[in-house]
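>>> Here is my input, please return the structure:
(2 chains)
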Amino acid sequence: MSITYLEAIREAQAKALADDPRVFIYGQDVGAFGGAFKATKNLALEFPDRVIDAPISEDAIIGSAIGSALEGMRPIIEMQFADFSTPGFNQIVNHAATLFWRTQLPCPITIRLPSGGTSGSGAFHSQSMEAIYAHYPGLVVMTPATVEDAYSMLLEAVAIDDPVIFCEHKYLYYHLKAEKLPTEAMPAGKARISRAGRDVTIVAYSAMVHEALAVAEELSTEGIEIEVVDLRTIKPLDTDTIMASVARTGRLLCVGESWPWGGVTAEVIARVATEGFNLLDAPPQRLNAKDTPIPFHPNLWLMHRPTARSIAMAVRNLLRL
Amino acid sequence: MDTRAIPDAISSFREQCMKAFRFMLQSRVLDEKMASLYRGGKIHGGVFLGKGQEAVSAATGMSLLKGDIFSPLIRDGAGRLAFGEPIIDAVRTYMGSALGPMRGREGNVHRGRPAEGLLPMISHLGAMISVVNGMLIGRRFKKIQNTVGAVSLGDGATSTGAFHEALNQAAVEKLPLVLVVTNNQFAYSTPNSRQFACRHLVDKAVGYGVAGHSMDGTDLKACLETISAAVAAARQGQGPQLVVATLLRLCGHGEHDDAHYIDPELRNSALGRDCLVLAESFLTEQGWADAKIIKSWRKDAVRKVEEVVAAVQHEPGPDPYKEDWSALSTRHLSEGSQSL
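Predicted coordinates:
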């Protein structure tokens, strides 16, 4: 038996619904239809009152999630695509994220964002929004890269008393499989060393972890040993694990699928440069998507985002610095 | 007067009007004091008055029961008092007291007691409606019945996407929501003619499939009757109710604004009448109060405000060195307390 990243997300939601009567799922087409990606498949059958179809009203969807949380509920919101969280942006960053600071009342809402690129999805169904939400105080931002993390982190997101932006990668939905669901989990806020190595640290998250691991595998045949750090949670950022890895390797490449300006890779490099400058043997490097809207055609798309090929090139350049 | 001789309904309505009037008066007096402190440089940030809107606001607060939800907007001093907010919450929040409900983290009208159903507004107009929807949905999950959520809005908020999404959502979910829109003719300086093109804002109700009500917002009796009927309908399961009160804002957007853009002709029209003056005449005409009683009520209202202000002036502001700089309740996930 094997389970995909998408099935893990479905199973986590099934468990959350079964374990806690305060949990409900609200989003577009999540009910009988089972969600655009089938992440809520059959959940409405099992929990008919707690898996609810919403109108196409992202602002009202998030606003009502906040209200229900004030009443002690623990909503899981499915944004059909991360890209469509922008009409709900105001309620996320100005309302959910400020609620605890203003009132001392918790705001336990989980907002699932099907994120990242799949070929052919174009400018409005491919975005990665983690950096923009991480910018705002009052939000936890998770970016699971493995089937096990997709499951355990989603359960943890539901249990956390604060708003969690859960960035699940659409490319991993079907491609990534595990033998079984985990029974133990690393806590949120801790990064994982996905592969140990002595020569270069690649800090990555979400789908880019797998591109980095592929490069590490490839370059190890040439004797280049890459350490891959999977951030898991980008806010809070596990600076300690990053710094410890850079202390071992002396070289840092940070890879993100989102756009270059500001963002996660810039933040990681800023922290390493300010707090661990003396650990570096070479200028820290980063690789992001190109600074254009995400293109539709596979020829363009493959060049737009970082891939194992461009990451390998960046690692070789970094080793020459 | 021997109240036993009066039928219950009339007696009760008389009591309602008198109670509402006193909330209106208390709110006006509190507003005047806050404006005075603002002019004296004693208040940091803005001051926003409810002048001219006390009748509709008081009527909204009074139509709700303990346990209901009320999401006031910036001109709802009277409604807040009627819903049970103590005067000291307003004064402490305006004056930045660390002992207030917002502890200096928020000011002026951004206050509330959400655990008691009184929501602290964010500035983005229309945003509170769907939050109240969510509270009502939460209560439905918890099988709490006979509950109502009221949201106060202005004419400007009806132009937002949030208003549209939330009213539609409430209609789809058949929630016991009462939206009280006070059309005071101006959103800051923008007149109705640049805000919407429908004949009357209440016409929007039919488009959303919700009940619509409208009344003269300067008329306390009409406000009490209309809003309590709307609240009762919502409570009885008749779904969302859109109430539109028409009046003129008798002050600037905030105390920083002299409202020079309001045409004097409009000020002198029936729309520009002061609901507090009209309510006073109404009570007097009905023989329910006279000038002497009203004077004593005003004196009482002034005394209450002065006492609170005198006490709050001695209260400390927040200490930035002792502030808990965490935006998350889950402390170990908070980056806020780290210096980056």
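
>>> ok now do the residue in the stretch 1-150 of chain A that chain B sits nearest to, which residues does it touch?
For the stretch 1-150 of chain A and chain B, the shortest gap (C-beta to the nearest C-beta) falls at A:Gly67, measuring 2.4 Å. Every residue, glycine included, has its C-beta placed from N, CA and C. Contact analysis of A:Gly67 by C-beta atoms under 8 Å, 6 or more residues apart in numbering or on different chains lists B:130-138.

>>> just so I have it, where are all the helices in the chain?
With no chain named, the answer covers chain A. Residue ranges of the helices in chain A, as given by DSSP state H, are A:5-19, A:43-46, A:58-70, A:89-90, A:97-103, A:130-134, A:147-159, A:170-175, A:208-220, A:239-249, A:263-275, A:298-304, A:308-320.

>>> I was after chain B.
Along chain B, counting by DSSP H, helices occupy B:8-39, B:54-63, B:77-83, B:87-95, B:127-141, B:161-173, B:204-208, B:220-235, B:264-267, B:275-286, B:291-312.

>>> can you tell which of those helices is closest to chain A?
Nearest to chain A among those is helix B:127-141 (2.4 Å), distances taken as C-beta to the nearest C-beta.

>>> mind checking how far stretch A:71-86 is from the chain centre?
For stretch A:71-86, the distance between its averaged C-alpha position and the chain's averaged C-alpha position is 14 Å (C-alpha atoms, centre = their mean, to the nearest Å).

>>> Next, count neighbours for B:Pro316.
For B:Pro316, the number of neighbouring residues by other C-beta atoms under 10 Å in any protein chain shown comes to 10.

>>> B:Lys42 too?
13.

>>> That one contacts B:Ala35, correct?
No. B:Lys42 lies out of contact with B:Ala35 (C-beta atoms under 8 Å); the separation is 10.9 Å.

>>> just to revisit the earlier point, okay, the helices of chain B, which one's buried deepest?
Among the helices of chain B, the stretch with the highest mean neighbour count (mean count of other C-beta atoms under 10 Å in any protein chain shown) is helix B:54-63, at a mean of 32.

>>> packing partners for it?
When contacts are defined as 3 or more C-beta pairs under 8 Å, 6 or more residues apart in numbering or on different chains; DSSP states H and E, helix B:54-63 sits against helix B:8-39, helix B:77-83, strand B:149-154, strand B:177-183, helix B:220-235, helix B:275-286.

>>> now these as a markdown table including mean pLDDT and distance to chain A?
Output for the helices and strands packed on helix B:54-63, formatted as a markdown table (pLDDT from 0 to 100; distance: least, C-beta to the nearest C-beta, whole Å):
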| stretch | mean pLDDT | distance to chain A |
| --- | --- | --- |
| helix B:8-39 | 94 | 20 |
| helix B:77-83 | 98 | 16 |
| strand B:149-154 | 98 | 8 |
| strand B:177-183 | 98 | 11 |
| helix B:220-235 | 98 | 16 |
| helix B:275-286 | 98 | 31 |
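
>>> Show me what from the stretch 151-300 of chain B comes close to chain A.
With the criterion set to C-beta under 8 Å from any C-beta of the partner chain, the stretch 151-300 of chain B comes near chain A through B:161-162, B:165-166, B:168-169, B:172.

>>> can you redo those residues as JSON lines with pLDDT and distance to A:Asp238?
Below are these laid out as JSON lines (pLDDT from 0 to 100; distance: C-beta to C-beta, whole Å):
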{"residue": "B:Gly161", "pLDDT": "98", "distance to A:Asp238": "37"}
{"residue": "B:Ala162", "pLDDT": "98", "distance to A:Asp238": "36"}
{"residue": "B:Glu165", "pLDDT": "98", "distance to A:Asp238": "37"}
{"residue": "B:Ala166", "pLDDT": "98", "distance to A:Asp238": "38"}
{"residue": "B:Asn168", "pLDDT": "98", "distance to A:Asp238": "42"}
{"residue": "B:Gln169", "pLDDT": "98", "distance to A:Asp238": "38"}
{"residue": "B:Val172", "pLDDT": "98", "distance to A:Asp238": "42"}
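
>>> between these, which is nearest A:Leu237?
Within those, the smallest distance to A:Leu237 is 31.8 Å, found for B:Ala162 (C-beta to C-beta).

>>> how about the nearest residue to that closest one, chain neighbours excluded?
Ranked by C-beta to C-beta, 6 or more residues apart in numbering or on different chains and with sequence neighbours excluded, the top spatial neighbour of B:Ala162 is B:Gly126, at 3.2 Å.

>>> That neighbour and B:Val180, how far apart?
When distances are taken as C-beta to C-beta, to the nearest Å, B:Gly126 and B:Val180 turn out to be 13 Å apart.

>>> Neighbour count for the two, which is higher?
For B:Gly126 and B:Val180, the more surrounded residue by other C-beta under 10 Å is B:Val180, and the numbers stand at 31 against 26.

>>> Please look at the more buried one and B:Asp155 and confirm they touch.
No. The pair B:Val180 / B:Asp155 is not scored as a contact, 11.9 Å apart, by C-beta under 8 Å.

>>> Can you report how many residues lie near residue 73?
Answering for chain A, as no chain was given. By the measure other C-beta under 10 Å, the count of residues near A:Met73 is 25.

>>> hmm, I had chain B in mind actually
22.

>>> Show the model's pLDDT score for A:Leu321.
Turning to A:Leu321, the model gives it a pLDDT of 87.

>>> pLDDT score for residue 270?
In the absence of a named chain, this looks at chain A. The per-residue confidence score, pLDDT, reads 98 for A:Ala270.

>>> wait, chain B
pLDDT, the model's per-residue confidence, is 95 for B:Ala270.

>>> same thing with A:Ser206?
Looking at A:Ser206, its pLDDT is 98.

>>> And chain A, split by domain according to the record?
Domain assignment of chain A by automatic domain parsing yields the ranges A:3-178, A:192-320.

>>> Just the terminal-to-terminal distance for the longest one.
The straight-line separation of the ends of domain A:3-178 (C-alpha to C-alpha, to the nearest Å) is 5 Å.

>>> What is the distance between it and the centre of its chain?
Here domain A:3-178 shows a centroid-to-chain-centroid distance of 11 Å under the convention C-alpha atoms, centre = their mean.

>>> Kindly report the same for the shortest one.
Taking the mean of its C-alpha atoms, domain A:192-320 sits 15 Å from the chain's own mean (C-alpha atoms, centre = their mean).

>>> Buried deepest among the domains of chain A, which one?
Burial among those, expressed as mean neighbours by mean count of other C-beta under 10 Å, is greatest for domain A:3-178, which shows a mean of 22.

>>> From chain A, how far off is B:Pro86?
Between B:Pro86 and chain A the distance is 17 Å, computed by C-beta to the nearest C-beta, to the nearest Å.

>>> mind listing what residue 265 touches?
In the absence of a named chain, chain A is used. Applying C-beta under 8 Å, 6+ apart, we find A:Thr265 in contact with A:203, A:254-256, A:286-288.

>>> if I pick the residue nearest to the spatial centre of chain B, what's in contact with it?
The geometric centre of chain B, computed from its C-alpha atoms, lies nearest to B:Asp76 (C-alpha atoms, centre = their mean), at 2.3 Å. For B:Asp76, the contacting residues are B:50, B:53, B:57, B:60-61, B:109, B:152, by C-beta under 8 Å, 6+ apart.

>>> give me the low-pLDDT residue ranges for chain B?
For chain B, the stretches with pLDDT under 70 are B:1-7, B:336-340.

>>> circling back to that earlier point, dump the domains of chain A into a markdown table; add distance to B:Arg199 as well.
Putting the domains of chain A into a markdown table (distance: least, C-beta to C-beta, whole Å) gives the following:
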| stretch | distance to B:Arg199 |
| --- | --- |
| domain A:3-178 | 26 |
| domain A:192-320 | 42 |
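
>>> Out of those domains, flag the one nearest B:Leu30.
With C-beta to C-beta as the criterion, B:Leu30 lies closest to domain A:3-178 of the domains of chain A, at 22.1 Å.

>>> closest one to B:Arg92 among the helices of chain A?
helix A:97-103 (14.5 Å).

>>> contact partners of the closest one?
Contacts with helix A:97-103, where a contact means C-beta under 8 Å, 6+ apart, come from A:66, A:70, A:105-107, A:136-139, A:162-163, B:102, B:105-106, B:110, B:112, B:114, B:120, B:122, B:327-329.
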